[in-house]
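# My questions concern the predicted model and sequence given below.
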Amino acid sequence: MKKHKTLLLSLVLILSLVYLFYGISMNNIKYILMRRGSRLIAIYVVSYLVNTSTVYFQSMTNNRILTPSLLGYDRLYMLIQVVVVMILKQYISNISLFLVCVVVMTLFSTVLYSTILKKVNGDLYILLLIGTLVGTFFGSITSYLQLMMDPNEFSIIQNQGFASFNAINVYVLGIACLLVLPTLVLQAYLSKSHDVVALGQNHAKNLGVNLGRFYKGALVLISIDISIATALVGPISFLGLLTTNLGKEIEPSYRSKDLIFTSTLVSICLLLFAQIVFERILKFNTSITVIINILGGIVFIWLMFKERFND
């Protein structure tokens with residue numbers, strides 16, 4: 001194992017132990033370990049899902065500054081939340097809401113984008129354009145519906161607009177872990193094709209890769225991964241952009257297994273460090289996505305300048 005992987009694994013282990021046992025006492029050890037343990041597992045799961053979807057999406061588009069959020073997943077999630085709050089209000093459980101979000105987001109994005117990809121003969125740029133338009137459409141509907149909500153409902157929706165690991169439901173987390181298992185199988189099935197596609201579309205065609213079949217499979221994988229991650233903790237767009245690109249700097253490889261592994265470790269380290277600093281040390285009651293979005297925006301600008309200077 002390379003030195004950087006050993007270092008990252010060591011950091012993950014140290015930060016995990018610090019997060020679990022910092023400030024703990026014998027009086028509250030059972031309660032604290034249960035709450036922090038569920039957050040820790042959620043961080044592991046979300047890190048894997050977000051980085052897997054981002055690695056595959058960037059390999060499909062051959063662009064390091066694009067993320068699956070361009071396909072409107074975050075906007076669709078918020079629209080579902082608004083509709084559920086307005087119609088069902090308190091009559092739906094956390095488990096039911098999670099399953100509704102995952103099923104609707106997965107089915108909608110898979111069917112829509114697979115159909116569009118077939119109609120445009122595999123042109124990914126048209127797919128991205130349509131995805132951006134769909135996301136804008138969902139955002140407009142969400143904004144209109146929010147104007148019709150009473151203040152109490154609106155405050156609930158505002159909280160749902162930020163990703164948070166502070167209120168993880170154990171039963172929802174268990175279901176999310178079960179739903180991750182099929183994605184592991186699909187990711188293993190697509191990994192060899194991904195490694196060839198990552199070299200470029202022309203190389204992939206010459207080496208006999210069926211790009212249409214790979215794109216459809218990758219879209220299904222991306223849809224499921226993003227749906228589970230977003231439904232579990234909320235919109236977390238810039239995390240994949242930030243940690244995947246950091247992972248590519250640390251692990252300059254075309255192999256999906258290496259990229260996903262390294263990027264996931266970087267993501268876990270970042271999220272754990274942010275949780276420790278802002279919850280345990282500074283006592284700030286704020287969402288860590290604020291910091292992630294700031295760092296992600298900086299990385300996004302840096303990548304844009306880097307691509308321009310390379311040209």
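Arrived safely. Numbers count the residues shown, from 1 in each chain.
# Low-confidence regions, the stretch 1-150 of the chain specifically.
Residue ranges of the stretch 1-150 of the chain with pLDDT under 70: 1, 89-90.
# can you pull out the helices in it?
3-21, 29-61, 73-87, 94-119, 124-147 (DSSP state H, counting those that start in this stretch).
# So for residue 254, which of those helices sits nearest?
helix 29-61 (8.4 Å; C-beta to C-beta). (C-beta placed from N, C-alpha, C; glycine too.)
# buried stuff in that closest one?
32, 36-61 (16 or more other C-beta atoms under 10 Å).
# and the angle from that helix to helix 3-21?
150 degrees (axes from the mean of the first three to the mean of the last three C-alpha atoms, to 10 degrees).
# Which of the three states applies to residue 167?
coil (DSSP: H, G, I helix; E, B strand; the rest coil).
# Please state the offset of stretch 171-187 from the chain centre?
14 Å (C-alpha atoms, centre = their mean, to the nearest Å).
# what residue ranges in the stretch 201-311 of the chain score low on pLDDT?
In the stretch 201-311 of the chain, residues with pLDDT under 70: 282, 284-287, 307-311.
# Now do the helices in it.
Under DSSP H, counting those that start in this stretch, the stretch 201-311 of the chain gives helices at 201-206, 211-233, 237-250, 256-275, 289-310.
# Just tell me which of the ones you listed ends up closest to residue 28.
helix 256-275 (17.9 Å).
# So what does residue 28 look like in phi/psi?
Dihedral pair for residue 28: phi -120, psi 20, per degrees, to the nearest 10.
# Run a quick neighbour tally on residue 203.
Neighbours of residue 203 under the rule other C-beta atoms under 10 Å: 12.
# which SS class is the closest residue to it other than its chain neighbours?
Distance criterion C-beta to C-beta, 6 or more residues apart in numbering; nearest residue to residue 203, sequence neighbours excluded, is residue 196 at 6.8 Å. In terms of secondary structure, residue 196 is helix; the call rests on three-state DSSP.
# Verify the stated contact: residue 209 with residue 197.
Yes: using C-beta atoms under 8 Å, residue 209 is in contact with residue 197, at 6.2 Å.
# These two: who's more crowded?
residue 197 (25 against 19).
# How about the contacts made by residue 246?
263, 266, 299 (C-beta atoms under 8 Å, 6 or more residues apart in numbering).
# Make JSON lines out of those residues and add distance to residue 247.
Putting these into JSON lines (distance: C-beta to C-beta, whole Å) gives the following:
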{"residue": "263", "distance to residue 247": "3"}
{"residue": "266", "distance to residue 247": "5"}
{"residue": "299", "distance to residue 247": "12"}
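# from the residues you listed, which single one is nearest residue 165?
residue 266 (16.9 Å).
# Hmm, residue 8 and that closest one touching each other?
Yes: counting by C-beta under 8 Å, residue 266 does reach residue 8; the two are 6.7 Å apart.
# Look at residue 65 and say how many residues are nearby.
16.
# Grab the nearest non-local neighbour of it.
With C-beta to C-beta, 6+ apart, the residue lying closest to residue 65 is residue 303, at 4.8 Å.
# Tell me how many other residues surround the one you found.
15.
# For residue 269, see how far away it is.
20 Å (C-beta to C-beta, to the nearest Å).
# ok, back up a step: for residue 188, state which of the contacts of residue 246 is nearest.
Closest to residue 188, out of all of the contacts of residue 246 and judged by C-beta to C-beta, is residue 263, at 17.0 Å.
# Phi, psi for residue 167 please.
phi -130, psi 50.
# go on, the one 10 residues further on?
In this entry, residue 177 is assigned phi and psi values of phi -60, psi -40 (degrees, to the nearest 10).
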